[in-house]
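Here you go, sequence then predicted model.
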Amino acid sequence: MLMRDESYYKSIGFMCGLEIHQRLATKEKLFCSCDATLKEDTQIGKVVRKQRAVAGELGKIDMSTSFESSKNRQFIYNLYKHETCLVDIDEEPPHDLNSEALEIALQIASELHAKVPDELETMRKVVVDGSDPSAFQRTILIGYDGYLEIGKKRISVPSIFLEEESSGIEQSDKDTVVYNVDRLGIPLVEIDTAPEISSPNEAMEVAKRIGLLLRLTGKVQRGIGSIRQDVNISIKNGARVEIKGFQELDSMPEIIEHEIERQANLIKIEAQLRKNGAEVGEPSDITEMFANTEVKLLKNSIEKGGIVEGVRLKGFAKLLGTEINKGRRLGTEISDYAKLAGVGGVIHSDEDLQSYGFSSNETQAISKKLGIKAGDAFLLITGQREVVDTAMKYAIERAKKAISEVPKETRSADNKLLVTKFLRPLPGGSRMYPETDIKPIEVDKKHYENLLKSVTSVEQVQKELEREIENKELAEQMLWSPLLSLYNEILNKTGVPGYVVAPILLQKYTELRREGVNVEAISTDAILAVFEEYKANALTKAAIGEILKHAPKSRKEVFDLIKELKLQKITGKRLEDLISQFAATSKDDLIKKIMSTYRLTVDGDELSKLLNKKGK
């Protein structure tokens, strides 16, 4: 997709900010002593609940929580032996704040040059999508008025929070959502930038730089889902929209571009609707007119006891079918709202009604019943009565907004189509209230000042990597790699030089992925064991890749693989004995013969040096 220069984005009033959520690498959860490492654990039971919205600190119920609550879904929570306790399911008060998590959060705040409050106050944030069994998330403002430097530009970081991770979805449908409570309560930092990002490409660069700073601490979790990036954007006459669910940062600019396109097209539609004198009518039950219908969608629904409701959309003709993004239209936007109530049957008059099976008599009857005139459109929804009533309410709400404004929404990133889809209304400030079970914490300002003084720049880190790896290109790759913290851990714990470790993590891992090996499954303990064996002269460098092909998950598995695959390094006296078994015309011929058979267990450099010593 064509990316424009910054003057274009300035001309359309483009505003953009990021919210970065990163899990911290602590031993325990934020407010209890449960394991926070997400190891495989034994399920010990489940809890079943429903949730409803409550008023926040300002005495109002937030629109987004009210919207979620109205879905009336049942939530099932899977509980685990070492990773779940009564705190997680809100049957026991929270324990003291995890001091390890606090220290990491303060270090991250210092990396962003933030100020810290004199006293840390824990707040509750109302969350009724079921992701927390208690229907709220605990959060603490840990830093404010920070900044991030990208080249010569400074991006403000107005707030940094330390908070609880949510539960992970196992499965869901319109009536029930199953959550795993193992990750609930893992310490998480949220970093918010000001809306000072001037282009979609810059948004990607800022997200990458924040991710890099987090990895440089060496105290954040790695792996899929451990970091999430949300983007807040708006344009002139549009609305602030929060986009969640970016899987790849490289797709961020194009998804933002398509959201700009969506808002721009909605603004044009809004102007045309106003010009048409558009209005949204009241819904009517029109089930009776479809008693003998051949429209399968309606027929099947009615046979199951369902109803059909219709509503007149004055002045909407042809605009429901207007494309706002590739494959998405205004009708799709309205349908998205309705379908969140759990209906599958939503039809509007800008669609090809004959393809559904509507007869001309039926379309005429609909028009007469709903009072459709030239320039008007209609919307039909079918399903069980209580569901249809809610779905029609949502659809009407969205249709009315099409006339008056681009709605403020939380939307998800569709990583295939590279567009955004509606999730819920944008949260407001009415869902926060104080946590009365946790005492305020006084911040040690002197300690924080020392953290500020010890901040290391990205440039300093890159120079150190170049020194360790002895290859400028690989050093730069390692700087931006999500495996950087693993690289540092290997060097610190095994003493293996960087010029050995970096090619394995950056090049060998890539080769193995292409071969279909799940390298993400290799545990830290296993990779450390491999390099410890290499350092102890028990493995060759070539054997490391052979062991990693099996994606070992434990130290024991590594040692078993070494024995099973017969990968013990041949060295010293054993190597000398091996040399004597080969006849060769020259040193090179001898090396070639030995290495062709023993390439995984004989080190070529060691063999060459030994032959030189023997005068071969």
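Structure received.

any weak-confidence spans in the chain?
1-3, 56-57, 429, 615-616 (pLDDT under 70).

Report the central residue of it.
residue 228 (3.5 Å; Cα atoms, centre = their mean).

chain center to whichever strand in the chain runs longest: distance?
Using DSSP state E, we find that the single longest strand of the chain is strand 136-150. Centre-to-centre, strand 136-150 and its host chain are 18 Å apart (Cα atoms, centre = their mean, to the nearest Å).

how about the helices of the stretch 101-250 of the chain, start to end?
Under the criterion DSSP state H, counting those that start in this stretch, the stretch 101-250 of the chain contains helices at 200-216.

Run through who's touching stretch 104-118.
Residues outside stretch 104-118 that contact it (Cβ atoms under 8 Å, 6 or more residues apart in numbering) are 24-26, 141-148, 157, 160, 162, 187, 189, 191, 213-214, 216-217, 219-220, 442-443, 445, 447-448, 451-452, 454-455. C-beta coordinates here come from the backbone N, C-alpha and C atoms, glycine included.

then the longest strand of the chain to CSV, C-alphas only?
Provided in CSV are the C-alpha atoms of strand 136-150 (Å, rounded to 0.1, in the frame of the first residue of the first chain):
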residue,chain,number,x,y,z
PHE,A,136,-11.8,-5.9,37.6
GLN,A,137,-8.1,-5.6,36.9
ARG,A,138,-5.7,-4.0,39.4
THR,A,139,-3.4,-1.3,38.1
ILE,A,140,-0.9,1.1,39.5
LEU,A,141,0.5,4.3,38.0
ILE,A,142,4.3,3.7,38.3
GLY,A,143,5.7,6.6,36.1
TYR,A,144,4.6,9.7,34.3
ASP,A,145,6.0,12.5,32.1
GLY,A,146,8.6,10.3,30.5
TYR,A,147,9.9,10.3,26.9
LEU,A,148,11.4,8.2,24.2
GLU,A,149,13.9,9.4,21.6
ILE,A,150,13.6,8.2,18.0
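
tell me the angle of that strand relative to helix 200-216?
Interaxial angle, strand 136-150 versus helix 200-216 (axes from the mean of the first three to the mean of the last three Cα atoms, to 10 degrees): 110 degrees.

and the nearest residue to the residue nearest to the centre of the chain once chain neighbours are set aside, backbone torsions?
Closest residue to residue 228 apart from its sequence neighbours, by Cβ to Cβ, 6 or more residues apart in numbering: residue 21 at 4.5 Å. Main-chain torsions, residue 21, degrees, to the nearest 10: phi -120, psi 120.

And residue 21, how far from residue 244?
Noted for residue 21: a distance of 10 Å to residue 244, by Cβ to Cβ, to the nearest Å.

Same check on residue 24?
For residue 24 relative to residue 244 (Cβ to Cβ), the value is 20 Å.

Now for residue 474, how many residues are close by?
20 (other Cβ atoms under 10 Å).

same check, this time on the one 3 residues further on
Burial of residue 477, expressed as a neighbour count using other Cβ under 10 Å, amounts to 18.

just the angle between the helix or strand where it lies and helix 200-216, please?
For residue 477, the host element (DSSP states H and E) is helix 472-480. Direction vectors for helix 472-480 and helix 200-216, defined by the same axes, to 10 degrees, enclose an angle of 90 degrees.

Residues in contact with helix 472-480: which ones?
208, 212, 458, 461-462, 465-466, 468-469, 484, 487, 502-503, 505-506.

quick one: which of the residues you listed is nearest residue 323?
residue 208 (32.0 Å; Cβ to Cβ).

Measure how buried the closest one is and give me the count.
16.

With residue 561 instead?
20.

Confirm that it sits in a strand.
No. Under DSSP: H, G, I helix; E, B strand; the rest coil, residue 561 falls outside any strand and is assigned helix.

Double-check it against residue 555; I have them as touching.
No. Using Cβ atoms under 8 Å as the test, residue 561 is too far from residue 555 to be in contact (10.8 Å).

returning to that earlier point: now the helix holding residue 477, how far from the centre of its chain.
25 Å.

Going forward, count from 77.
In the new count, where the first residue is 77, that last one comes out as helix 548-556.

Quick one: residues in contact with the helix or strand that that helix is followed by.
Counting by DSSP H and E, the next helix or strand C-terminal to helix 548-556 is helix 560-570. The contact list for helix 560-570 (Cβ under 8 Å, 6+ apart) reads 291-292, 294-296, 298, 544, 554, 557, 572-574, 577-578, 581, 600, 603-604, 607-608, 610-611.

again, but for stretch 663-673
Contacts for stretch 663-673 (Cβ under 8 Å, 6+ apart): 654, 655, 658, 660, 678, 680, 683, 684, 687, 692.

and with 6 Å instead?
If you take Cβ atoms under 6 Å, 6 or more residues apart in numbering as the criterion, stretch 663-673 is touched by 658, 660, 680, 687, 692.

What sits closest to the third one if chain neighbours are left out?
To tie it back to what came earlier, the one meant is residue 680. Residue 680 sits nearest to residue 671 (Cβ to Cβ, 6+ apart), 5.9 Å away.

ok, now the first one?
Setting aside the residues directly before and after it, residue 658 is nearest to residue 669 in space (Cβ to Cβ, 6+ apart), at 5.3 Å.

helix or strand for the one you found, which one?
Going by DSSP H and E, residue 669 is part of helix 663-674.

re the thing from before, which one of the contacts of helix 548-556 is nearest residue 341?
Taking those together and measuring to residue 341 by Cβ to Cβ, the closest member is residue 284, at 29.5 Å.

Let me see the domain layout of the protein.
For the chain, the structural domains run 95-269, 349-501, 533-645, going by automatic domain parsing.

I'd like the ones you listed laid out as TSV, including distance to residue 280.
Listed next are the domains of the chain as TSV, based on distance: least, Cβ to Cβ, whole Å:
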stretch	distance to residue 280
domain 95-269	11
domain 349-501	13
domain 533-645	12
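
for these, which one sits closest to residue 507?
domain 95-269 (3.8 Å).

show me the contacts for the nearest residue to residue 355 once chain neighbours are set aside.
Leaving aside its chain neighbours, residue 355 sits nearest to residue 390 (4.3 Å; criterion: Cβ to Cβ, 6+ apart). Residues in contact with residue 390, defined by Cβ under 6 Å, 6+ apart, are 354, 355, 452.

One more: residue 400?
By Cβ under 6 Å, 6+ apart, the residues touching residue 400 are 338, 341.

Would you confirm that it belongs to a strand?
Yes. With three-state DSSP as the criterion, residue 400 is part of a strand.

rewinding a little: by how many degrees do the helix holding residue 553 and helix 560-570 diverge?
Using the same axes, to 10 degrees: helix 548-556 against helix 560-570 is 100 degrees.

how about helix 548-556: buried residues?
550, 551, 553, 554, 555 (16 or more other Cβ atoms under 10 Å).

quick check, nearest of those to residue 494?
Nearest to residue 494 among the buried residues of helix 548-556, with distances taken as Cβ to Cβ, is residue 553, at 26.1 Å.

can you tell me how far the closest one sits from residue 391?
From residue 553 to residue 391 the distance is 56 Å (Cβ to Cβ).

try residue 464
24 Å.

Compare neighbour counts for those two and give me the winner.
residue 464 (27 against 19).

Doesn't the more buried one belong to a helix?
Yes. Assigned with three-state DSSP, residue 464 falls within a helix.

Verify the contact between it and residue 457 for me.
Yes. In this structure residue 464 lies within contact range of residue 457 using Cβ atoms under 6 Å: 5.3 Å.
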